[in-house]
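In: One predicted model, sequence on top.
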Amino acid sequence: MFVFSFPPPAALRSLFCSSVFQALSQLLESGTYIGVRNAVIFLSMVASRFPRRASHGERIIAVLDDLATSEKRPDLQALIKS
């Protein structure tokens, strides 16, 4: 009989959060209109629960601060600042 072995839930949550953080970082740093827009909208929807790690939050805030000052498109500027 084969028994499945799964990692503990905390490990899965950590892996999931790290994967989402990496994807969001890539989208925000890509500079593409749709990528930045989707990442900011997603972050606004999950802000109360994500990110769970302080280092991830600090990195995302740093990227958003840079975008807020360098973004030329007014609709993205408003979205980032909101």
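Out: Noted; the coordinates are in hand.
In: Would you indicate which residues of stretch 75-82 are buried?
Out: 76, 79, 80 (16 or more other C-beta atoms under 10 Å). All C-beta spots, glycine's among them, are computed from the backbone N, C-alpha and C.
In: Could you do stretch 62-69 as well?
Out: 63, 64, 67.
In: Same list, those, but as CSV with distance to residue 39, secondary structure and pLDDT please.
Out: Below are the buried residues of stretch 62-69 laid out as CSV (distance: C-beta to C-beta, whole Å; DSSP: H, G, I helix; E, B strand; the rest coil; pLDDT from 0 to 100):
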residue, distance to residue 39, secondary structure, pLDDT
63, 9, helix, 92
64, 9, helix, 91
67, 10, helix, 91
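In: could these go into a markdown table alongside distance to residue 15?
Out: Formatted as a markdown table, the buried residues of stretch 62-69 follow (distance: C-beta to C-beta, whole Å):
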| residue | distance to residue 15 |
| --- | --- |
| 63 | 22 |
| 64 | 24 |
| 67 | 27 |
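In: what about the chain, any weak spots by pLDDT?
Out: For the chain, applying pLDDT under 70 flags the ranges 1-2.
In: Okay, helices next: where are they in this protein?
Out: Along the chain, the stretches classed as helices by DSSP state H are 9-30, 33-46, 54-70, 74-81.
In: and of those, who's closest to residue 3?
Out: Residue 3 sits nearest to helix 9-30 of all the helices of the chain, at 17.9 Å, using C-beta to C-beta.
In: Which elements pack onto that closest one?
Out: Helix 9-30 sits against helix 33-46, helix 54-70, with contacts defined as 3 or more C-beta pairs under 8 Å, 6 or more residues apart in numbering; DSSP states H and E.
In: Out of these, which one sits most buried?
Out: Highest mean neighbour count among the helices and strands packed on helix 9-30 (mean count of other C-beta atoms under 10 Å): helix 33-46, with a mean of 15.
In: For that helix, name the packing helices and strands.
Out: Using 3+ C-beta pairs under 8 Å, 6+ apart, helix 33-46 sits against helix 9-30, helix 54-70, helix 74-81.
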